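*Asks:* Quick one, what's the 3D model for this:
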Amino acid sequence: MLDRFSNKLRERGLKGTFADLFARLRSGLRSEEAWIVLLKDLGQVNPVKRPTGIVFEDIGREHLPLLSELNREREAEEVDQRFADYVDAGFHGFIALRDGKAVGYYWWVDAEGAAEFPDLRDFGLGIELGPGEAYGSDFYILEAHRKGRLAGEMLARIEGGLADRGYSELWGYVVAANRPARWLYESRGYERLWTHTRRKRFFVSRVENSPDPRTYKGGSDVDR
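*Replies:* Residues are numbered from 1 along each chain as shown. The predicted structure follows:
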């Protein structure tokens, strides 16, 4: 730790170093993050009009080496163990392949696996899956492949794949500050239901689920 502080002191100077320390302390004392909970009617899935040639497969143990290569490219090797744990737990996923290389992935569960899936178990999103409902998470595409139509095609293939399996609704969330992702989901017909907000004030955390005024029509959707 002292070596890190000394390096920072040389790089930023005394004033800059203490400014960084103060900023980190302040962010630890006061922070706020908002996620928008989404719902997609899988009876309304727009087909892919101009396929990009992507190969889409259900994730199995045989795909873990390909996902590990993707994680190394995105400098997130620590995710490898989580993906292996997901497979061991029986969670479901889709992998996107281009020329035999993994370029994206998406994980999902239904009501059977919801109680053990980290998002639904730990985050307090207010989502409780019923029969015919699925929850999707960890939608990722390598940065070099994000241009063009790949993101929309992946979502269309995910939605179609789940609809073919008999699911009628797909739940998820998007970080409120991520405007491109919000636009993508809205373009695919996802409905905004409520905003999940986490606030920290002086080591005291508070979680709140606020209905979206554009879609909320009364009742207790937020508490379901």
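*Asks:* Tell me which residue lies nearest the centroid of this structure.
*Replies:* The residue lying closest to the centre of the chain (CA atoms, centre = their mean) is Asp138, at 3.7 Å.
*Asks:* Contact partners for it?
*Replies:* 93, 105-107 (CB atoms under 8 Å, 6 or more residues apart in numbering). From N, CA and C alone the C-beta is placed, and that goes for glycine too.
*Asks:* pretty sure it belongs to a helix, no?
*Replies:* No: under DSSP: H, G, I helix; E, B strand; the rest coil, Asp138 sits outside any helix and is assigned strand.
*Asks:* Please give me every residue in contact with Tyr190.
*Replies:* Per CB under 8 Å, 6+ apart, neighbours of Tyr190: 38-40, 172.
*Asks:* please redo it, this time with the cut-off set to 7 Å
*Replies:* 38-40 (CB atoms under 7 Å, 6 or more residues apart in numbering).
*Asks:* Check Val37 too.
*Replies:* Val37 neighbours (CB under 7 Å, 6+ apart): 125-127, 173, 193-194, 196.
*Asks:* Could you point out which of the contacts of Asp138 is nearest to Leu67?
*Replies:* The nearest member of the contacts of Asp138 to Leu67, counting by CB to CB, is Tyr105 at 6.3 Å.
*Asks:* Which strands or helices does the helix or strand where that closest one lies pack on?
*Replies:* Secondary structure from DSSP states H and E places Tyr105 in strand 101-110. Packing partners of strand 101-110 (3 or more CB pairs under 7 Å, 6 or more residues apart in numbering; DSSP states H and E): helix 64-73, strand 92-98, strand 133-141, helix 150-164.
*Asks:* Any idea which of the ones you listed gets closest to Ala84?
*Replies:* Using CB to CB, the helices and strands packed on strand 101-110 put helix 64-73 closest to Ala84, at 6.0 Å.
*Asks:* Kindly state which of the helices and strands packed on strand 101-110 is positioned closest to Ile54.
*Replies:* Short answer: strand 92-98, nearest of the helices and strands packed on strand 101-110 by CB to CB, at 5.3 Å.
*Asks:* and the closest one with strand 133-141, angle?
*Replies:* If you take axes from the mean of the first three to the mean of the last three CA atoms, to 10 degrees, strand 92-98 sits at 30 degrees to strand 133-141.
*Asks:* Just the CA trace of stretch 113-133, in CSV.
*Replies:* Coordinates of each C-alpha in stretch 113-133 appear next as CSV, following Å, rounded to 0.1, in the frame of the first residue of the first chain:
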residue,chain,number,x,y,z
GLY,A,113,-33.5,-21.3,-10.8
ALA,A,114,-34.4,-17.8,-9.8
ALA,A,115,-33.9,-18.2,-6.0
GLU,A,116,-30.2,-19.0,-6.5
PHE,A,117,-29.4,-16.5,-9.3
PRO,A,118,-27.3,-13.7,-7.8
ASP,A,119,-29.3,-10.8,-9.3
LEU,A,120,-32.6,-12.0,-8.1
ARG,A,121,-31.3,-13.4,-4.8
ASP,A,122,-29.2,-10.4,-3.7
PHE,A,123,-30.1,-7.2,-5.4
GLY,A,124,-33.7,-6.5,-4.2
LEU,A,125,-34.9,-5.7,-7.7
GLY,A,126,-38.5,-6.6,-6.8
ILE,A,127,-38.8,-9.3,-9.5
GLU,A,128,-40.5,-12.6,-8.7
LEU,A,129,-40.7,-15.0,-11.6
GLY,A,130,-43.9,-16.9,-12.3
PRO,A,131,-44.7,-19.7,-14.7
GLY,A,132,-43.7,-18.9,-18.3
GLU,A,133,-41.4,-16.0,-17.2
